[in-house]
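[1] Any chance you can model this:
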Amino acid sequence: MENPKNLLIAILLSLLVMLGWFWAFPPEQQANNPEVPDQVTSAPAQPVTEQTGTSQAAPVAAEAPRITIDTPELSGSISTIGARLDDLLLKGYHVTLDDASDNVRLLTPVGEDHAYYALQGWVPGGALDYTDVPGPDTQWTVLGSGTLTADAPVALEWQSPAGLTFTRTISVDQQYMFTVTDRVQNNSEAEQKLAPYGMIARHGTPADLQGFFVLHEGVVGRTDGELLETKYKAVRDLPAAPRENGLVATHEATENGWIGFTDHYWMTTLIPADGQPFTAVEKYIPSGDIYTTETRQPLMTVAAGQSIETSSRMFAGAKEWATIRHYQNDAGVGGFIDSIDWGWFFFLTKPIFSVLHWLNAHIGNMGVSIIALTFLLKALVLPLAYKSYVSMARMKELQPEMEALKARAGDDRQKLQKEMMVLYKEKKVNPAAGCLPILIQIPIFFSLYKVILVTIELRHAPFFGWLQDLSAPDPSSLYNLFGLLPWDAPEAGTTMALVFIGVLPILLGISMWLQQKLNPAPADATQKMIFAWMPWVFMFMLGHFASGLVVYWITNNLITFSQQYMIMWSHGKRPEIFSNIRDGFKRKPAPSGTPAKEQKPGKPRK
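    Okay, the predicted model is just below:
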């Protein structure tokens, strides 16, 4: 490599182009269909050979008697029509930073905008038909208490015309896991066949859909160890299944799995009992703009006078890392931690977040934890970075000899290359070593970007002062002198907000600029111009990223500056920072032979 700066420029420019593309061309969002019907109009197909038919139209569940939900983390209600969970709020999360704002709503009843709900039912088999089994329109009777708490489950009952008694018990733990147990008592004189199913239905695409392609939103699931992720647009492109009145994809699970919908920070998933074979289904009904995920279990037979029982779980809540990890490791939900979108660099994002979570548990401030994490990451790669910085320092020592080689070679680039390689070999210098820090930094940067983007622990996480949400951009602005002037900062996403950046972006630009001044400006005019503009371009570009990421970048720059300064000092190369700064402001002398500026006519000088 003739000059490691060429590779450095190429890498940084590539990063610049990628980030600019992400910002300028976000993925297209699907417009919601304003004409959404009141409920799903077709039931899941029976996972056996008998024809199943369709269910009757369900009444509006919001008007039915309700069972109150009151737990440490959840509030809401369950409709007695269909025994559907369709009204759920998260007590620990608010829509805005204001604690007086509304709690985040996860599930919404039919009849309201963007209805989103879950229900369980049975598909008839053998001599039964849909009037003989409970479905979306079944009116259940509550047995006992009408309030569901973490300590008190609720029970519902329905009598079938075919002589079957269905009893459903719903319980919930201290966090976000519901358990639904169905018992079927056959009081008829003949054996009966039926199959259980679970369904989560979503009317239209979510109102708060981010639509950013580095963040997965849509169907998420896992079947026999294989992760399933389908965005809403891809669900609308599934193969047609006329018998089901929609577009359908199925995934067979022989042992374990789960399926549901994930938002940025929230998730609702169905989890059949471990070891229970089932079919995971993702479905779209174009006529109603309705998305569903379903779990369909095999046909079950209940003998005359006997009973059967089946149980399944449903997660409905926030994608908290510790909670999700608990359900995976302690409650047997295999691969549940992968419901968090760790991205391509999952082998980095998972351990990075684990360390960040541990630091925050001990420090109690996510911003300080990000700074501590940056120090740990820099310490981890220090041995490799040290070799790189030493090589860069030795390259500076060879600068006079390299200039002499250039003078001798003239325009003969082949000769220059050959003699430079000989010089590198004699002095035992690797010209590519200077590229290693940036090559290491890129995957770490993207991994931390992913962590800050997808994990709910960063949502509304305060740092200090005006920085009360590390998942959001710095809210301060030059426009009102960072709050000193009596008018509001420009609204986020506007052109004014892009121009009038905040405190953190400015500190970022200054830290990058100071880091550059450890070394003299490149001799090449083009390289010099690119390096001169780079800190200020990144200042405006990264200034509208999550403030937690900018905190990391500033800390990383300051640590890198200190490391390079000390390493260069230890090798007898004292960085001439102030000289390099002064040189940057000097006007370039006019080339020899350039005519002097002609003096304007006027009075002669005394």
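[2] And the pLDDT for Glu2?
    Per-residue confidence (pLDDT) for Glu2: 38.
[3] Then Gly53?
    33.
[4] Give me the sheet partners of the helix or strand where Thr250 lies and which way each runs.
    Thr250 belongs to strand 246-253 when assigned by DSSP states H and E. Applying DSSP bridges, strand 246-253 is found paired with strand 240-241 (antiparallel), strand 278-285 (antiparallel).
[5] between those strands, which has the poorest average model confidence?
    With a mean of 93, strand 240-241 has the lowest mean pLDDT of the strands paired with strand 246-253.
[6] can you list the strands paired with strand 246-253 in TSV and add mean neighbour count?
    Any C-beta I mention is one placed from the backbone N, CA and C, and that applies to glycine too. Below are the strands paired with strand 246-253 laid out as TSV (neighbours: other CB atoms under 10 Å):
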stretch	mean neighbour count
strand 240-241	14
strand 278-285	24
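[7] looking at these, which is closest to Phe336?
    Closest to Phe336 of these is strand 278-285 (CB to CB; 14.5 Å).
[8] Quick check: next helix or strand after that closest one?
    Remark: after strand 278-285, the chain's next helix or strand is strand 290-296, criterion DSSP H and E.
[9] after that next one comes which helix or strand?
    Following strand 290-296 in sequence, per DSSP H and E, is strand 300-302.
[10] quick one: secondary structure of Met421?
    Following DSSP: H, G, I helix; E, B strand; the rest coil, the label given to Met421 is helix.
[11] ok, which stretches of this protein are helices?
    For the chain, applying DSSP state H gives helices covering 4-24, 232-235, 321-329, 346-363, 366-380, 382-397, 399-409, 413-427, 436-454, 495-499, 503-516, 525-542, 547-570, 577-585.
[12] Asp208: which of the ones you listed is closest?
    With CB to CB as the criterion, Asp208 lies closest to helix 232-235 of the helices of the chain, at 12.7 Å.
[13] Contact partners for the closest residue to Phe445 other than its chain neighbours?
    The spatially closest residue to Phe445, leaving aside those adjacent along the chain, is Trp553, at 7.5 Å (CB to CB, 6 or more residues apart in numbering). Shown in contact with Trp553 (CB atoms under 8 Å, 6 or more residues apart in numbering): Phe445, Leu508, Ser511, Leu542.
[14] Count the residues that sit near the closest residue to Glu229 other than its chain neighbours.
    Spatial nearest neighbour of Glu229, chain neighbours left out: His216 (5.2 Å); criterion: CB to CB, 6+ apart. Neighbour count for His216, taken as other CB atoms under 10 Å: 21.
[15] Closest to Val104 out of the contacts of Trp553?
    Taking CB to CB as the measure, Val104 lies nearest Leu542 of the contacts of Trp553, at 28.4 Å.
[16] ok, now which ones touch Thr254?
    Going by CB under 8 Å, 6+ apart, Thr254 touches Asp224, Pro277.
[17] What's the separation between it and Glu294?
    17 Å (CB to CB, to the nearest Å).
[18] Low-confidence regions, this structure specifically.
    By pLDDT under 70, the low-scoring segments of the chain are 1-63, 389, 392-393, 395-396, 430-438, 493, 519-528, 571-606.
[19] Is it correct that Lys427 is in contact with Arg394?
    Yes - counting by CB atoms under 8 Å, Arg394 is a contact partner of Lys427 at 6.8 Å.
[20] any idea how the protein splits into domains?
    What automatic domain parsing lists as the domains of the chain is 34-331, 350-585.
[21] Out of these, indicate the one that is most buried.
    Among the domains of the chain, domain 34-331 has the highest mean neighbour count (mean count of other CB atoms under 10 Å), at a mean of 19.
[22] Ile285 and Ala195: what is the separation?
    Distance from Ile285 to Ala195, by CB to CB: 21 Å.
[23] I meant to write Ala207 there.
    Distance, Ala207 to Ala195, by CB to CB: 34 Å.
[24] And the residue nearest the centre of this protein?
    With distances taken as CA atoms, centre = their mean, the residue of the chain nearest its centroid is Val454 (2.6 Å).
[25] Find the nearest non-adjacent residue to Ile510, please.
    Pro535 (7.6 Å).
[26] on that earlier part again, what residues does the residue nearest to the centre of the chain make contact with?
    Neighbouring residues of Val454 by CB under 8 Å, 6+ apart: Leu215, His264, Ile340, Asp341, Trp342, Gly343.
[27] Then Ser307?
    By CB under 8 Å, 6+ apart, Ser307 lies in contact with Arg183, Val184, Gln185, Asn186.
[28] Enumerate every residue touching the first one.
    Which is Arg183. Shown in contact with Arg183 (CB under 8 Å, 6+ apart): Phe166, Thr167, Arg168, Thr169, Ser307, Ile308, Glu309.
[29] And the contacts of Ser307, which is closest to Phe531?
    Closest to Phe531, out of all of the contacts of Ser307 and judged by CB to CB, is Arg183, at 72.5 Å.
[30] Give the bridge partners for that closest one, please.
    Judged by DSSP bridges, the bridge partners of Arg183 are Thr167, Glu309.
[31] residue contacts, Thr230?
    The contact partners of Thr230, by CB under 8 Å, 6+ apart, come to Gly218, Val219, Ala249, Glu282.
[32] Pick the one among the residues you listed closest to Leu518.
    Closest to Leu518, out of all of the contacts of Thr230 and judged by CB to CB, is Gly218, at 46.3 Å.
[33] surely that closest one meets Phe261?
    Yes - Gly218 is in contact with Phe261 according to CB under 8 Å; the separation is 6.9 Å.
[34] rewinding a little: could the contacts of Trp553 go into CSV alongside distance to Asp469?
    Below are the contacts of Trp553 laid out as CSV (distance: CB to CB, whole Å):
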residue, distance to Asp469
Phe445, 21
Leu508, 18
Ser511, 22
Leu542, 17
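[35] Which two of these have the greatest separation?
    So, these by CB to CB: farthest apart are Phe445 and Ser511, at 14.5 Å.
[36] how about Phe482, what does it touch?
    Residues counted as contacts of Phe482 (CB under 8 Å, 6+ apart) are Trp466, Ser476, Gly502, Val503.
[37] gap between the last one and Pro490?
    Val503 sits at a distance of 15 Å from Pro490 (criterion: CB to CB).
[38] who's in contact with the residue nearest to Glu229?
    By CB under 8 Å, 6+ apart, the contact set of His216 is Glu229, Lys231, Thr262, Asp341.
[39] Once you drop chain neighbours, what's closest to the second one?
    What it means is Lys231. Closest to Lys231 by CB to CB, 6+ apart is Gly218, at 4.2 Å.
[40] Now do that neighbour against Leu247, distance only.
    Computed as CB to CB, the Gly218 to Leu247 distance reads 14 Å.
[41] joint contacts of these two?
    Residues touching both Gly218 and Leu247 by CB under 8 Å, 6+ apart: Val235.
[42] Rebuild the contacts of Ser307 as CSV, extending it with distance to Arg325.
    Shown next, in CSV, are the contacts of Ser307 (distance: CB to CB, whole Å):
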residue, distance to Arg325
Arg183, 32
Val184, 35
Gln185, 39
Asn186, 41
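[43] Relative to Pro161, which of the residues you listed is nearest.
    Once CB to CB is applied, the member of those that ends up nearest Pro161 is Asn186, at 13.3 Å.
[44] Now do the same contact list for the nearest residue in space to the closest one that is not next to it in sequence.
    Excluding the flanking residues, the one nearest Asn186 by CB to CB, 6+ apart is Val302, at 4.4 Å. The contact partners of Val302, by CB under 8 Å, 6+ apart, come to Leu164, Val184, Asn186, Glu191, Gln192, Lys193, Leu194, Ile308.
[45] that older thread, residue contacts, the residue nearest to Lys231?
    With contact set as CB under 8 Å, 6+ apart, Gly218 has these partners: Glu229, Thr230, Lys231, Tyr232, Ala234, Val235, Phe261, Thr262.
[46] Could you measure from it over to Tyr291?
    8 Å.
[47] Which neighbours do those two have in common?
    Jointly contacting Gly218 and Tyr291 under the rule CB under 8 Å, 6+ apart are Tyr232, Val235, Phe261.
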